[in-house]
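A.B. asks: dropping the sequence and predicted coords here.
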Amino acid sequence: MTARQAMQNLAAEGLVRRKRGAGTFISRQPFHRHSGPLMSFTADMRRRGLNAASKLISAEVRFATVGEAEALKLDESARVVSIIRLRLADSTPMAIENATLTLNCASVLAENLETGSLHSALAALGRTPSKALSWISARQIEPGEAKLLELPAKSPALVERRIITDQDGEPLEFTTTVYHPERYIIDAVFTLVPEKLDTDEV
């Protein structure tokens, strides 16, 4: 009973995780992603001493959605390159990445998208990812996402949408990434603006 209570306490603190039918495992501490220089998932995991890999869910050329066309400044009838991957760190599911690229990047579909870096492939085409604008929100995870990320149904999900431009400032990539909520923390730094004193209140 003492050992069981101790394991329950560790699970409550997030130090271990229980998987029905498999056992109890030490939890990986969440990764902090800091604001600053743009870094691909592959480079970020390598910097942390981890092996980055991907499971390719789909890779195709299709017509853009309205949101994708707007983000990439394309006509609504434009075609785009769509690449959906499950991102892994040392075989642990970290995120589901849905990347949409402009059609002139279609040759990246011939690259190894499971072990290689998409951003390196884009740079080799002469379109280097250079600047990113992102916004982050939360929502309930969808059933297919929960299965890929090994999460219980109806878990919360951390979602980042990002528009990346190349070295010439041209739209290159619009990506929606669904992160495992216990494995990623997005850090941000803000500068406080001093409030002006209202002289009428003195």
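C.D. replies: Cool, the structure landed. Numbering: from 1, shown residues only.

A.B. asks: just want the most central residue of this protein.
C.D. replies: In the chain, the C-alpha closest to the average C-alpha coordinate belongs to residue 177, at a distance of 3.7 Å (CA atoms, centre = their mean).

A.B. asks: is it fair to say that residue lies in a helix?
C.D. replies: No. Secondary structure assignment (DSSP: H, G, I helix; E, B strand; the rest coil) places residue 177 in strand, not in a helix.

A.B. asks: and the residue nearest to residue 53 when sequence neighbours are not counted, what are its bridge partners?
C.D. replies: If the residues on either side of it in the chain are set aside, residue 53 comes closest to residue 88, at 4.7 Å by CB to CB, 6 or more residues apart in numbering. C-beta here means a position set from N, CA and C on the backbone, and glycine is covered the same way. Using DSSP bridges, the bridge partners assigned to residue 88 are residue 53, residue 93.

A.B. asks: just residue 178 next, same as before
C.D. replies: Following DSSP bridges, residue 178 is listed with bridge partners residue 96, residue 159.

A.B. asks: could you give the number of residues near it?
C.D. replies: Close neighbours of residue 178, defined as other CB atoms under 10 Å, add up to 21.

A.B. asks: quick check, it in contact with residue 155.
C.D. replies: No. In terms of CB atoms under 8 Å, residue 178 does not count as a neighbour of residue 155; the distance is 10.8 Å.

A.B. asks: now list whatever residues contact both of those two.
C.D. replies: Listed contacts common to residue 178 and residue 155 are residue 141; contacts here mean CB atoms under 8 Å, 6 or more residues apart in numbering.

A.B. asks: got the domain boundaries for the chain?
C.D. replies: Residue ranges for the structural domains of the chain, counted by automatic domain parsing, are given in the record as 1-29, 34-190.

A.B. asks: weakest of the ones you listed in terms of mean pLDDT?
C.D. replies: Looking over the domains of the chain, mean pLDDT reaches its minimum on domain 1-29, with a mean of 60.
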